[in-house]
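Trainee: make a model of this:
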Amino acid sequence: MLKDFNLDFRLEKTTRLNEALAGAEIVILSITTGGLEAMRTDLGIPEKYAIKQSVGDTVGPACASACEAEAYGFNQVPDAQIVGMFPIASMFGEVGHGQFSMPEGFSMQFPTGRFLKPDGSLFLEGVGVQPTVRVPITEETVMTTDDILLGIGEKALLLPLGAGITPSAPPKLMSPAETRSALGSGAKLLDEKAREQYSTEDLLKMDTTFPNTITLSESTALIWAWGWCAAD
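Mentor: Residues are numbered from 1 along each chain as shown. Predicted coordinates:
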């Protein structure tokens, strides 16, 4: 890229942090490790302290192949927003063995493999990833010269947690049998999902109210575990 655009840059590599930072005025870190499970932690820990990490992706019919895998990955992250007028292309397939060079400098690409889910159905094919924030198709949004998807995506990410979510019903207390089933299926404790965090010293204070703010995008079973002792 530096050669193609005739850029006056010098690339160096080092495994020593002090050498990499020497004389630097701006540092850009671009790295990902651990896959989606690590990313869930990146989002979940800040959320407990009322810090919303913004994750978003804009999609459309031109989002195909590798772009679809990226959109699907974001779609698996809690609270991630997928912004678009349409879903992705829904034509995910393996093309690594389908590259063909033709005369006169032409090349062709054909899918030569497909990915299946554990139940045997096609992965993303014909379904794709649906936007969680669907941009309306109007004369204004179609004819604008602005990046309408990016603009709406930025607004969606800046909204506070829980904005636009209206509970369909009041909270429901589970029966003892439902509670045992929820515990067996790995239901989270209420204070694990709450933004507020209280120390043991805090919880030992008498006549004190401890608020728990929890944001849910769908109905979820939560366990409130609490115990106390009473003198005779």
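Trainee: and the strands in the chain, which stretches?
Mentor: For the chain, the strands defined by DSSP state E occupy 56-58, 81-84, 99-101, 107-109, 133-134, 188-189, 222-223.
Trainee: out of those strands, which comes closest to M143?
Mentor: Closest approach to M143 among those (C-beta to C-beta): strand 81-84, 17.5 Å. Placement of C-beta: from N, CA and C, glycine included.
Trainee: parallel or antiparallel, list what pairs with that closest one.
Mentor: Using DSSP bridges, the strands paired with strand 81-84 are strand 56-58 (parallel), strand 133-134 (parallel).
Trainee: can you list the weak-confidence ranges in this protein?
Mentor: Within the chain, the ranges that satisfy pLDDT under 70 run 1-7, 29-39, 42-43, 46-47, 49-58, 78-79, 160-164, 217, 231-232.
Trainee: show me where it has helices.
Mentor: Per DSSP state H, the chain carries helices over the ranges 17-21, 35-48, 66-75, 139-143, 148-158, 176-184, 190-193, 200-203.
Trainee: quick one: contacts of the first one?
Mentor: Helix 17-21 is contacted by residues 14, 27 when judged by C-beta atoms under 8 Å, 6 or more residues apart in numbering.
Trainee: may I have that helix as CSV, with CA atoms only?
Mentor: Provided in CSV are the C-alpha atoms of helix 17-21 (Å, rounded to 0.1, in the frame of the first residue of the first chain):
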residue,chain,number,x,y,z
LEU,A,17,7.5,-2.3,23.9
ASN,A,18,10.0,0.4,24.8
GLU,A,19,11.4,0.4,21.3
ALA,A,20,8.0,0.5,19.7
LEU,A,21,7.0,3.5,21.8
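Trainee: buried set for it?
Mentor: Buried positions in helix 17-21, judged by neighbour count with 16 or more other C-beta atoms under 10 Å: none.
Trainee: ok, the third one next?
Mentor: Of the residues in helix 66-75, 67-68, 71-72, 74-75 count as buried by neighbour count, 16+ other C-beta under 10 Å.
Trainee: could you do the fifth one as well?
Mentor: Judged by neighbour count (16+ other C-beta under 10 Å), helix 148-158 contains these buried residues: 148-149, 152-153, 156-157.
Trainee: mind putting the residues you listed into CSV with distance to D119?
Mentor: Formatted as CSV, the buried residues of helix 148-158 follow (distance: C-beta to C-beta, whole Å):
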residue, distance to D119
I148, 37
L149, 32
I152, 34
G153, 32
A156, 32
L157, 33
